[in-house]
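[1] can't give you the sequence, but here's the structure:
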């Protein structure tokens, strides 16, 4: 039965009821708007219309015009960190800078290279600033947690300030989507590889994330979920002790 009426070919003991939130009188307009804002784009049909699947399509359904900004010189007082995804075919890293006043995070630099030894990637990462901390996929080598830890130790021995990232895929995607949606995550227009992956990042018809061309997308998740908590300002912003000549002291020290 469908809507209380028999359907040809169906056993009369079966029926289908599809309810949307329009059938829920307890949800007023304000409640619907708040719920809609909280749902990721790929869940909205399922949540609001009762369609029982995630569906396919772009994961971050946010217009590029809303997130891309012209490059600018990042102030020294912004907090910086990077997220890193590692593999032989492609190793990627993305750097973020957080404005403590507005809370906005800017993705301002990227590393994107395949088939190179760890030392090559380490040198490229250090060129952005040896002091900048980062986070990396805990299974970085792509084979096992043990391999990932070994590779993490190699990078540390090369001078990188790295910690394992939290690799919670759906939670990470949701966190990134929230920031993009409210204008708190912006991307420099010069990040061509990031933009390309952003355009290709999607789910299949079963709602699963398509694991292709997603290295910078993964690195972005690591950065948002774990890296920003480690971010710090340039050492150039730290106060320096005054240089004293022998036998003299500044008046302020004498008071």
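    In hand now; what should we look at? Being a predicted model, the structure only gives us computed values, none of them experimental.
[2] only C-alpha atoms from now on, for both contacts and neighbour counts.
    Noted.
[3] specify the beta-bridge partners of residue 188.
    Beta-bridge pairing for residue 188 (DSSP bridges): residue 69.
[4] so what's the residue count around it?
    A count of neighbours around residue 188, defined by other C-alpha atoms under 10 Å, yields 19.
[5] now residue 157
    Residue 157: 10 neighbours (other C-alpha under 10 Å).
[6] could you do residue 205 as well?
    For residue 205, using other C-alpha under 10 Å, the count is 13.
[7] now it: which helix or strand?
    Secondary structure assignment for residue 205, by DSSP states H and E: no helix or strand.
[8] and it, its phi and psi?
    Here is the backbone geometry of residue 205 (degrees, to the nearest 10): phi -70, psi -10.
[9] that one and residue 57: what is the separation?
    8 Å (C-alpha to C-alpha, to the nearest Å).
[10] now the strands for the chain?
    Counting by DSSP state E, the chain has strands at residues 57-58, 68-69, 79-85, 91-98, 105-113, 134-136, 162-164, 185-188, 202-203.
[11] now tabulate these in CSV and tack on mean pLDDT and distance to residue 30.
    Shown next, in CSV, are those (pLDDT from 0 to 100; distance: least, C-alpha to C-alpha, whole Å):
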stretch, mean pLDDT, distance to residue 30
strand 57-58, 82, 27
strand 68-69, 96, 30
strand 79-85, 97, 36
strand 91-98, 97, 32
strand 105-113, 97, 29
strand 134-136, 96, 39
strand 162-164, 93, 40
strand 185-188, 98, 26
strand 202-203, 90, 30
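[12] can the ones you listed go into TSV with extra columns for distance to residue 32?
    Listed next are these as TSV, based on distance: least, C-alpha to C-alpha, whole Å:
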stretch	distance to residue 32
strand 57-58	23
strand 68-69	29
strand 79-85	35
strand 91-98	31
strand 105-113	28
strand 134-136	37
strand 162-164	38
strand 185-188	25
strand 202-203	25
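[13] so which of those gets nearest residue 127?
    strand 105-113 (10.6 Å; C-alpha to C-alpha).
[14] and the contacts of that closest one?
    The contact list for strand 105-113, computed with C-alpha atoms under 8 Å, 6 or more residues apart in numbering, reads 71, 90-99, 121, 124-125, 184-188, 191, 193-194.
[15] again, only using 7 Å
    Outside strand 105-113, the residues within contact range by C-alpha atoms under 7 Å, 6 or more residues apart in numbering are 90-99, 184-188, 191.
[16] check stretch 189-205 too.
    55-59, 68-71, 109-110, 209-210, 213-214, 216-217.
[17] please check those residues and keep the buried ones.
    In the contacts of stretch 189-205, burial by neighbour count holds for 55-59, 68-69, 109-110, 209, 213-214, 216-217, counting by 16 or more other C-alpha atoms under 10 Å.
[18] could you identify the most distant pair in these?
    55 and 109 (32.2 Å).
[19] per-residue pLDDT of residue 23, please?
    Listed pLDDT for residue 23 reads 80.
[20] for residue 99, give me its contacts.
    By C-alpha under 7 Å, 6+ apart, the neighbours of residue 99 are 78-79, 105.
[21] neighbour-wise, give me the winner out of those.
    residue 105 (24 neighbours).
[22] nearest residue to it other than its sequence neighbours?
    Using C-alpha to C-alpha, 6 or more residues apart in numbering and skipping the chain neighbours, the partner closest in space to residue 105 is residue 98 (4.3 Å).
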